[in-house]
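Colleague: fold the stuff below for me.
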Amino acid sequence: MNRKPKAFPNFKNEAEERAYWESHDSSGHVDWSKAERVRMPDLMPSTKVISLRLPVGLLERIKIAANKRDVPYQSLIKVWLSEKADVG
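Modeller: Here you go, the predicted structure:
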């Protein structure tokens with residue numbers, strides 16, 4: 001069935017566009033049969049800064065473990081949290 005895709009609406013801002021796509025299907029606007037895979041190697045995931053209070057002794061042990069691995073302790077904490085979150 002070759003039908004012409006619907007035109008994209010004009011949005012006043014990103015919030016209006018987000019609200020539209022949360023309640024509408026893209027299949028009427030895009031011919032997904034012509035879609036191609038793309039790679040975006042430089043795309044970085046969104047991050048959020050948090051404050052994490054740790055006992056001084058625990059933080060020191062983490063820093064020692066990071067030093068043995070020659071990595072920043074913050075990176076080691078992220079790896080450990082990610083591994084723990086994936087167990088399940």
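
Colleague: spell out the secondary structure type for M40.
Modeller: Using DSSP: H, G, I helix; E, B strand; the rest coil, the structure places M40 in coil.

Colleague: do a quick rundown of the helices in the chain.
Modeller: Assigned by DSSP state H, the helices in the chain fall at 14-23, 56-69, 73-86.

Colleague: so K12 versus S82, what's the distance?
Modeller: Distance of K12 to S82, computed by C-beta to C-beta, to the nearest Å: 38 Å. The C-beta positions use only the backbone N, C-alpha and C, and glycine is treated the same way.

Colleague: can you list the helices of the chain in TSV and add mean pLDDT?
Modeller: Output for the helices of the chain, formatted as TSV (pLDDT from 0 to 100):
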stretch	mean pLDDT
helix 14-23	92
helix 56-69	97
helix 73-86	93
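
Colleague: pipe those helices into CSV and attach mean neighbour count and distance to D42 per row.
Modeller: Formatted as CSV, those follow (neighbours: other C-beta atoms under 10 Å; distance: least, C-beta to C-beta, whole Å):
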stretch, mean neighbour count, distance to D42
helix 14-23, 10, 21
helix 56-69, 12, 26
helix 73-86, 12, 19
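
Colleague: save those as JSON lines, and put in distance to R37 too.
Modeller: Below are the helices of the chain laid out as JSON lines (distance: least, C-beta to C-beta, whole Å):
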{"stretch": "helix 14-23", "distance to R37": "21"}
{"stretch": "helix 56-69", "distance to R37": "35"}
{"stretch": "helix 73-86", "distance to R37": "25"}
